[in-house]
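> My questions are about this predicted structure, shown below with the sequence.
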Amino acid sequence: MKIAIAGAGIGGLTAAALLARDGHQVAVFDQFDTPQPVGSGLVIQPVGQAVLEEIGALNEALALGNKVNHMLGHEADSNRRVLDVWYSRDAGGRFGLAIHRASLFTAIWNAAQRQGITVHKGAVVTGAQFGMVHLKNGKTHGPFDLVIDAAGAASPLSPLVSQPLPYGAIWGTVDWPQTDLPLTQLSQCYRRADRMIGALPIGKMPDDPKQKAAVFWSLPRDDYAAWQNAGLAAWKAEAVALWPAFAPFIDQINDQSQMTMARYSHGTLRKPYGEGIVHIGDAAHRASPQLGQGANMALLDALALSRALKQATGQEALALYAKSRRLHVGIYQAMSAIFTPQYQSDSRWLPALRDRILFPASQVPPVPRLLTAIVCGSMVSPTRGL
């Protein structure tokens, strides 16, 4: 097939690598003159690592990223644990691959390039009808047998109308400092649900051998201007007062431009395809990053689509892709909607419920194993029926 992909992000490039490997003629359209990632750190779960391995990007990602096997969070006022989830207590077991988006992008980009894809840079896609891809500069490319919308949450091709979430976060990247926090752990601190601070060890950048950390601070989606107006000194004082161990991380933030605001929304396309077009990743479904599944969902969408196109043709293949992802996406969307307000909201009773009932229950077998399966992305088959 002759396939166009809108967006050279994680999902788009993974789909390009898989489909070009399968013999399709793939053209990728991206708005940047030099395709590049946007954002800071993330975690690739075991199900996503399997996709990276399939496209030949896992070894490079492992060399750049950092293995984490534990997520630990505590309440600032009481220092009581309120999150304690292990991937595996065995050093040779499952793990999350914490990695900077630039490092992950590099590994996937190189894998896609090895498959001989065509990349159109500086190409802002504005529409796609009847197999033709329309660009902002007035040019039209095609016809294509299939257009894959991997243009993300702001996709002009997706009909998804999502619900804005009340909380987002500011994110930044700093060097991993001298600290007692372990390099194998995502560490977080909460004040009820209206404050969340985190430090994630994310390995190296492609051009910097120093160990890095992604740091984040929960913030209401409309409070970014107020945060800027208050100044760095006020923010640093509040953060260190809540979590003294965060001091060597936040000390490296000398300018507010080092922190980028991320806003989230929630929604899912009931039918993520149309005549000659299919939506993957954030163009098909969006949720908060609370469960650490965003990048994995894009990887799994790309994998499911490539497998569906091996087993069927035309609209039947697109329907098979949608069916194979429906249960996995639905379960994780539902869990994200349930868990997110417990950690990012103005509620007073939800964090009390979390700390006094849900967390103690989470430490009673077999719940820890269930939580591990949820985090790993393997609670149900991610490509059901394929």
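In hand now; what should we look at?

> Stretch 229-236: which residues count as buried?
232, 235 (16 or more other Cβ atoms under 10 Å). All C-beta spots, glycine's among them, are computed from the backbone N, C-alpha and C.

> Also stretch 9-25?
Those would be 9-21, 24, for stretch 9-25 by 16+ other Cβ under 10 Å.

> Centre of the chain to the longest strand belonging to the chain, how far?
The longest strand of the chain (DSSP state E) is strand 208-220. Offset of strand 208-220 from its chain centre (Cα atoms, centre = their mean, to the nearest Å): 14 Å.

> mind exporting the helix or strand just after that strand as CSV, just the C-alpha atoms?
Sequence order places helix 224-230 as the next helix or strand after strand 208-220, per DSSP states H and E. Below are the C-alpha coordinates for helix 224-230, written out as CSV (Å, rounded to 0.1, in the frame of the first residue of the first chain):
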residue,chain,number,x,y,z
TYR,A,224,0.4,28.9,34.8
ALA,A,225,0.3,32.7,34.4
ALA,A,226,-0.1,33.0,38.2
TRP,A,227,2.9,30.7,38.8
GLN,A,228,5.0,32.8,36.4
ASN,A,229,3.9,36.0,38.2
ALA,A,230,4.7,34.7,41.6
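
> from the chain's centre, how far out does helix 224-230 sit?
Its chain's C-alpha centre and that of helix 224-230 lie 26 Å apart, by Cα atoms, centre = their mean.

> what does it rub up against?
168, 170, 219, 235, 256, 261 (Cβ atoms under 8 Å, 6 or more residues apart in numbering).

> want to try TSV for these, with distance to residue 361 and pLDDT as columns?
Below are the contacts of helix 224-230 laid out as TSV (distance: Cβ to Cβ, whole Å; pLDDT from 0 to 100):
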residue	distance to residue 361	pLDDT
168	29	95
170	32	96
219	29	96
235	34	97
256	40	96
261	34	95
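
> Can you tell me which of those residues end up in strands?
Those of these lying in strands (DSSP E): 168, 170, 219, 261.

> what's the closest of these to residue 334?
residue 168 (20.8 Å; Cβ to Cβ).

> which non-adjacent residue is nearest the closest one?
Excluding the flanking residues, the one nearest residue 168 by Cβ to Cβ, 6 or more residues apart in numbering is residue 263, at 4.1 Å.

> returning to that earlier point: just the buried ones from the ones in strands among the contacts of helix 224-230?
Looks like the ones in strands among the contacts of helix 224-230 have 168, 170, 219 buried, using 16+ other Cβ under 10 Å.

> Looking at those, which is nearest residue 209?
Nearest to residue 209, judged by Cβ to Cβ, of those is residue 170 at 26.3 Å.

> Tell me if I'm right that that closest one and residue 258 touch.
No: Residue 170 lies out of contact with residue 258 (Cβ atoms under 8 Å); the separation is 9.4 Å.

> Next one: the closest residue to residue 214 other than its chain neighbours relative to residue 244, how far apart?
Excluding the flanking residues, the one nearest residue 214 by Cβ to Cβ, 6+ apart is residue 41, at 2.8 Å. Taking Cβ to Cβ, to the nearest Å as the measure, residue 41 falls 22 Å from residue 244.

> Please save the CA atoms from stretch 342-358 in PDB.
Provided in PDB are the C-alpha atoms of stretch 342-358 (Å, rounded to 0.1, in the frame of the first residue of the first chain):
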ATOM      1  CA  GLN A 342      -7.000  11.100  43.900                       C
ATOM      2  CA  TYR A 343      -3.700  12.700  43.000                       C
ATOM      3  CA  GLN A 344      -4.600  15.900  41.000                       C
ATOM      4  CA  SER A 345      -7.700  17.700  42.200                       C
ATOM      5  CA  ASP A 346      -9.000  20.200  44.800                       C
ATOM      6  CA  SER A 347     -10.900  17.400  46.600                       C
ATOM      7  CA  ARG A 348     -10.300  17.000  50.300                       C
ATOM      8  CA  TRP A 349     -12.100  13.600  50.800                       C
ATOM      9  CA  LEU A 350     -10.500  11.800  47.800                       C
ATOM     10  CA  PRO A 351      -6.900  12.000  49.100                       C
ATOM     11  CA  ALA A 352      -8.200  11.000  52.600                       C
ATOM     12  CA  LEU A 353      -9.800   8.000  51.000                       C
ATOM     13  CA  ARG A 354      -6.600   7.300  49.100                       C
ATOM     14  CA  ASP A 355      -4.400   7.500  52.200                       C
ATOM     15  CA  ARG A 356      -6.500   5.800  54.800                       C
ATOM     16  CA  ILE A 357      -8.400   3.100  52.900                       C
ATOM     17  CA  LEU A 358      -7.100   2.500  49.300                       C
END
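
> Going by neighbour count, which residues in that stretch are buried?
Here stretch 342-358 shows 342-345, 350-351, 354-355, 358 as buried, counting by 16+ other Cβ under 10 Å.

> so where do the strands sit in the stretch 1-150 of the chain?
Counting by DSSP state E, counting those that start in this stretch, the stretch 1-150 of the chain has strands at residues 2-6, 25-29, 41-44, 66-68, 70-75, 81-86, 96-100, 118-120, 125-129, 132-135, 140-141, 146-149.
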